[in-house]
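Colleague: Provide a 3D model corresponding to the input given below.
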Amino acid sequence: MHAHPHVDATRQPADQDRASAEVPLAPGENVLGRLEVDLDARLCFQASPLVLTDCRILTRSDSNTTASEIKSNQSTAEQPWQSWPLSPQLRLRHHDHAGIGTLELHDATHCLAVWRFTLTVHAQVMRLVEQFERRQHELATGEVEAEDDSNRCPTCKAQLPPDADECPVCHREQQAPPSTWVLLRLWRFARPYQGKLLAGFLLTLASTAATLVPPYLTMPLMDEVLIPFQNGKDIDLHRAMWLLSGLLGAAVAAWALGWARTYLLALVSERIGADLRTATFEHLMRLSLDYFGSKRTGDLMNRVGSETDRINVFLSLHALDFANDVLMIAMTAAILVSINPWLALVTLVPLPFIAWLIHLVRDRLRTGFEKIDRVWGEVTNVLADTIPGIRVVKAFAQEQRETNRFRAANQYNLQVNDKLNKTWSLFSPTVSLLTEIGLLVVWAFGIWLVAHHQITVGVLTAFIAYIGRFYGRLDSMSRIVSVTQKAAAGAKRIFDILDHVSNVPEPVNPVPMPTLQGRLEMDSIGFRYGSRSVIRGLSLDIQPGEMIGLVGHSGSGKSTLVNLICRFYDVTDGAIRVDGVDVRRIAVSDFRRHIGLVLQEPFLFFGTIAENIAYGKPEATRQDIIAAARAAHAHDFILRLPHGYDSLVGERGQGLSGGERQRISIARALLIDPRILIMDEATSAVDTETEKEIQKALDNLVKGRTTIAIAHRLSTLRKADRLVVMDKGQVVEVGPHDELMARQGAYWRLYEAQARKAEQDALLDAPDAQDAPSAAPAAMPTHQATQA
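Modeller: Numbers count the residues shown, from 1 in each chain. Presented below is the predicted three-dimensional model:
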């Protein structure tokens, strides 16, 4: 829902009039703020006005709960307005959970009203709460408090947290236009090779000088050999041979120096590109899961692969050509001035026009190439989505749909390229035209100088030869504008990754933890996904070797708590301690080395069975791998594979059943011998027989380890020492199964609900619910049915 902006009576009279027309205001009453909450009491979408004036709060909806309830069958427009006069006892309280915000109005003893809304209007709600508190302060003190906009978000006008650089409500990743200067940041990767780069520069200088020798030798060849011969004199063969030998020597020297320069700088550029790819991938591996949650796989693959390749090509070819062109133009200009300053000045006539043209198209090319990169990322995203999920695509016969997705992305990529090519296709011929006009002007002025006996034909011939090199390099430099902007766009996307700071930073002075006992303490921890509160005020103490079962409805915060314990994310409030040490003071790799993780959907890499089991401990011997597989009840089925432990596993474990993948995952966790074990729905996606096999493997895995297990099927947690019941990001019950059942609280309700579902499933599976003996289990007590 779109929320109305707040109305200030003193500064917006027109808006005040419109608000007054809708809201039943008393004479002299001014509207301070207004918004529309977008959910009703049943959490259905419905716009409902909420108005703050200088003397009361008004609303007209069924999204508030009061002593006098409004009938739910009335539309918002038909419902009467309700109001609460402002008083010192009145309070507005705001909180949110799992994407649903709640605004409560309280007096000294009761909750007067409740409004619910999505986080789309979160900024407007915060603004209204702030206006309410300011008005309450004015009523209590009699002092009018001026608004301070210095610490507000310019977009949503929400109050920024202290020392915040960006608004947490409306912040999104900004696409800043790339700058050519970003290429200078590549020097950090070129610094280790600065000696070779200097050698390459000297070779470039020498090879460029060698290419400038032949035109200079054409002057004496024309004036001292050919023209005298044309006038009837004999050819000086000795002089001619020396000049021709000079031309040949210059050509051979230019070839040798050019080869050495190209080979040396190509080696350097390849190593710079390799270092850039490695540094980008290493930095990606150090970033938190929060970063990957907001990125597409195809886009990241495109950045690490295609963008670094583009930069590599620029460094190995075009940057070298650019340096060569600059040297050629500078040295040619110096020679032209030394031959004839006036003719050299005429040569520069096209330069201002070419410079203006380059400036005109450079920004368009730069932004255009970055847009092409983003659009190409969308094409690779379709591939990254479709190929790993090809089984689902084929199962639902959606091949044509995915083909249409790819065709649409590819067509959009084509349109963006066509739009940019219109600019580029006009630019290059225009530069060529300007250089041809410049050459024509030089010819005309040169002929005039020859006619007036100010220069010789040989000087004009040499000058035209140098002009050809000068304008040729100028045209080449103009073409490099395109590849330079491509490289700048790619470098910006690479440095977007390298500049990103992980939300899970490494400690400056890490505490060494070579061994762990496994005690975990959660001290009033809280966690938010952006503006959404997920964990609030959670405290829990887990003893070494204790098995804890986490239970609760979906969305209660179980998996988030596990992610915080693994330090995939950092808590926003409180602290998590292991053996009394805050996990944020331990090096991330040292801490996670003591954690074994078994997920609901185990991920296997392309490789052999043995390589997957030894993933967490690559140095493990074959005996260690087999021992872990035996303990995980995976040894027997591995031996049945064609090559046993050396059998190749397809990408993501293709070729293995879900239970087999899970047992390999358990063997992988067993091999590293973790002190803390975390199981997230380890048996939820398999059949009953497979679950029994996995459960035997898990029994071996949990021995002597601090274990945290998440399961929706409560019967799988029967061996847990304690059960922790979570709801809305908080712990609501803790205790053994029997104790929690006796309390008949949240856990008892969960258990009974599952028991009823088990009874219904048993009735549906029975061939004859009334007569067949197989229907008997449905009459068992609920706790027996569930355990069965």
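
Colleague: For my notes, confirm A709 occurs in a strand.
Modeller: Yes: counting by DSSP: H, G, I helix; E, B strand; the rest coil, A709 falls inside a strand.

Colleague: Could you find the closest non-adjacent residue to it?
Modeller: M679 (4.4 Å; C-beta to C-beta, 6 or more residues apart in numbering). C-beta coordinates here come from the backbone N, C-alpha and C atoms, glycine included.

Colleague: residues contacting that neighbour?
Modeller: Counting by C-beta atoms under 8 Å, 6 or more residues apart in numbering, M679 makes contact with 598, 698, 707-711.

Colleague: Which residue in these has the weakest pLDDT?
Modeller: On pLDDT alone, L698 ranks lowest of the contacts of M679, at 71.

Colleague: how close does it sit to L671?
Modeller: Distance, L698 to L671, by C-beta to C-beta, to the nearest Å: 15 Å.

Colleague: okay, and the helix or strand of the protein with the least pLDDT?
Modeller: The weakest-scoring helix or strand in the chain, judged by mean pLDDT, DSSP states H and E, is helix 782-787 (a mean of 38).

Colleague: Out of the contacts of M679, which is nearest to T297?
Modeller: V598 (23.6 Å; C-beta to C-beta).

Colleague: hang on, that closest one packs against P674?
Modeller: No: using C-beta atoms under 8 Å as the test, V598 is too far from P674 to be in contact (10.3 Å).

Colleague: For the residue lying closest to V382 once chain neighbours are set aside, which three-state class applies?
Modeller: Distances taken as C-beta to C-beta, 6+ apart place F406 nearest to V382, at 4.8 Å, with adjacent residues excluded. Classification of F406 using three-state DSSP returns helix.

Colleague: which residues does F406 contact?
Modeller: F406 touches 379, 382-383, 386, counting by C-beta under 8 Å, 6+ apart.

Colleague: for V213, what are its contacts?
Modeller: 246-247, 250.

Colleague: Can I take it that D96 is in a strand?
Modeller: Yes: per three-state DSSP, D96 lies within a strand segment.

Colleague: Restricting to C-alpha, output stretch 223-237 in PDB.
Modeller: Taking C-alpha atoms only, stretch 223-237 is exported to PDB below (Å, rounded to 0.1, in the frame of the first residue of the first chain):
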ATOM      1  CA  ASP A 223      66.300  14.400 -52.400                       C
ATOM      2  CA  GLU A 224      69.800  12.900 -52.800                       C
ATOM      3  CA  VAL A 225      69.100   9.800 -54.900                       C
ATOM      4  CA  LEU A 226      65.800   9.700 -56.800                       C
ATOM      5  CA  ILE A 227      65.200  13.400 -57.700                       C
ATOM      6  CA  PRO A 228      68.800  13.900 -58.900                       C
ATOM      7  CA  PHE A 229      68.500  10.800 -61.000                       C
ATOM      8  CA  GLN A 230      65.200  12.200 -62.400                       C
ATOM      9  CA  ASN A 231      67.100  15.400 -63.300                       C
ATOM     10  CA  GLY A 232      69.700  13.400 -65.300                       C
ATOM     11  CA  LYS A 233      72.400  12.700 -62.700                       C
ATOM     12  CA  ASP A 234      73.700   9.200 -62.000                       C
ATOM     13  CA  ILE A 235      72.500   7.200 -59.000                       C
ATOM     14  CA  ASP A 236      74.900   7.100 -56.100                       C
ATOM     15  CA  LEU A 237      74.700   3.400 -55.600                       C
END
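
Colleague: Could you grab the helix/strand/coil label for the residue sitting furthest away from the middle of the chain?
Modeller: Distance from the centre of the chain peaks at G232, with 79.0 Å (C-alpha atoms, centre = their mean). In three-state terms, and counting by three-state DSSP, G232 is coil.

Colleague: Find the helix or strand that L139 is a member of.
Modeller: helix 122-141 (DSSP states H and E).

Colleague: ugh, typo on my part, it should be L336
Modeller: Applying DSSP H and E, one finds L336 within helix 319-339.

Colleague: Which of the residues in that helix are classified as buried?
Modeller: Using 16 or more other C-beta atoms under 10 Å as the test for burial, helix 319-339 gives 319-325, 327-329, 331-332, 335-336, 339.

Colleague: wait, which of these is closest to Q662?
Modeller: A319 (51.3 Å).

Colleague: show me what contacts that closest one?
Modeller: So A319 contacts S269 (C-beta under 8 Å, 6+ apart).

Colleague: Next, work out how far apart it and G704 are.
Modeller: 59 Å.

Colleague: Would you map the strands across the stretch 551-700 of the chain?
Modeller: 573-578, 581-582, 595-598, 607-608, 648-649, 676-680 (DSSP state E, counting those that start in this stretch).

Colleague: Give the pairing partners of the last one; include direction for each.
Modeller: When you say that, I think you mean strand 676-680. Applying DSSP bridges, strand 676-680 is found paired with strand 595-598 (parallel), strand 706-710 (parallel).

Colleague: Please tabulate the ones you listed in JSON lines and include mean neighbour count and distance to L287 as additional columns.
Modeller: Supplementary listing: the strands paired with strand 676-680 in JSON lines, determined by neighbours: other C-beta atoms under 10 Å; distance: least, C-beta to C-beta, whole Å:
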{"stretch": "strand 595-598", "mean neighbour count": "23", "distance to L287": "18"}
{"stretch": "strand 706-710", "mean neighbour count": "25", "distance to L287": "25"}
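
Colleague: and of those, who's closest to G258?
Modeller: strand 595-598 (56.2 Å).
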